[in-house]
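> Below is the sequence, then the predicted model.
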Amino acid sequence: MGNDDEKIEGRLRGEQIEPEDPDNLVLRLIYMLLIAVMISLTQTVLTVATIVQFVVMLVNNKQPNERLADFGTDLGIWVAKAARFQTAASNVKPWPWTELD
């Protein structure tokens, strides 16, 4: 289990190439607004995935669907990277502007 935690930590805080020239503030505002909309849509996707996973666990003797669980991890990492950009903790824009990794 620790190995999975290390992989997730690496994806969250691992080496990311910061842009040489940060965006000007107007362009950054546009990106921030687009990412805010994407985060809002992500909440809907997370809700649907949660309901589907619960139903899967109901019919599958409490066993989750691994692919759906991995999707949830990827979604969480994307939200974390988006939040880092939104709060100016990073100048690296999340997917689709960079690799999802």
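Received it, and whenever you're ready, just let me know what you need. Here the structure is a predicted model, which is why all the values come from computation and not from measurement. Numbering: from 1, shown residues only.
> In space, what's closest to the residue at minimal distance from the centre of the chain - neighbours in sequence excluded?
Nearest residue to the geometric centre of the chain (Cα atoms, centre = their mean): residue 78, 1.3 Å. In space, and not counting its chain neighbours, residue 78 is closest to residue 94: 5.6 Å by Cβ to Cβ, 6 or more residues apart in numbering. C-beta coordinates here come from the backbone N, C-alpha and C atoms, glycine included.
> ok, that neighbour to residue 21 distance?
Residue 94 sits 19 Å away from residue 21 when distances are taken as Cβ to Cβ, to the nearest Å.
> Who has more neighbours out of those two?
Neighbours of residue 94 and residue 21, each counted by other Cβ atoms under 10 Å, are more numerous for residue 94; the result is 23 against 6.
> ok so, going back, residues contacting the residue nearest to the centre of the chain?
Applying Cβ atoms under 8 Å, 6 or more residues apart in numbering, we find residue 78 in contact with 42, 94-95, 100.
> Can you tell me which of the residues you listed comes closest to residue 33?
residue 94 (14.0 Å; Cβ to Cβ).
> What residues does residue 81 make contact with?
So residue 81 contacts 12, 90, 92, 94-95 (Cβ under 8 Å, 6+ apart).
> which among those end up buried?
For those, a burial check counting by 16 or more other Cβ atoms under 10 Å picks out 90, 94.
> neighbours around residue 64, how many?
Residue 64, neighbours per other Cβ under 10 Å, totals 13.
> what's the answer for residue 49, then?
The burial count for residue 49: 16, using other Cβ under 10 Å.
> Now find how far off-centre the one helix or strand it maps to is within its chain.
For residue 49, the element it lies in under DSSP states H and E is helix 25-59. Centroid separation for helix 25-59 versus its chain: 9 Å, with Cα atoms, centre = their mean, to the nearest Å.
> Could you do stretch 20-32 as well?
On Cα atoms, centre = their mean, the centre of stretch 20-32 falls 20 Å from the chain's centre.
> which parts of that stretch are buried?
28, 32.
> Extract the C-alpha trace of that stretch and format it as CSV.
Extracted in CSV, the C-alpha atoms of stretch 20-32 (Å, rounded to 0.1, in the frame of the first residue of the first chain):
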residue,chain,number,x,y,z
GLU,A,20,9.8,29.8,-18.4
ASP,A,21,7.5,32.9,-18.8
PRO,A,22,4.4,32.9,-16.6
ASP,A,23,1.2,34.0,-18.2
ASN,A,24,0.2,37.7,-17.9
LEU,A,25,-2.5,38.3,-15.4
VAL,A,26,-5.3,38.7,-17.9
LEU,A,27,-4.5,35.4,-19.6
ARG,A,28,-4.1,33.7,-16.1
LEU,A,29,-7.6,35.0,-15.2
ILE,A,30,-9.0,33.4,-18.3
TYR,A,31,-7.3,30.1,-17.5
MET,A,32,-8.6,30.4,-13.9
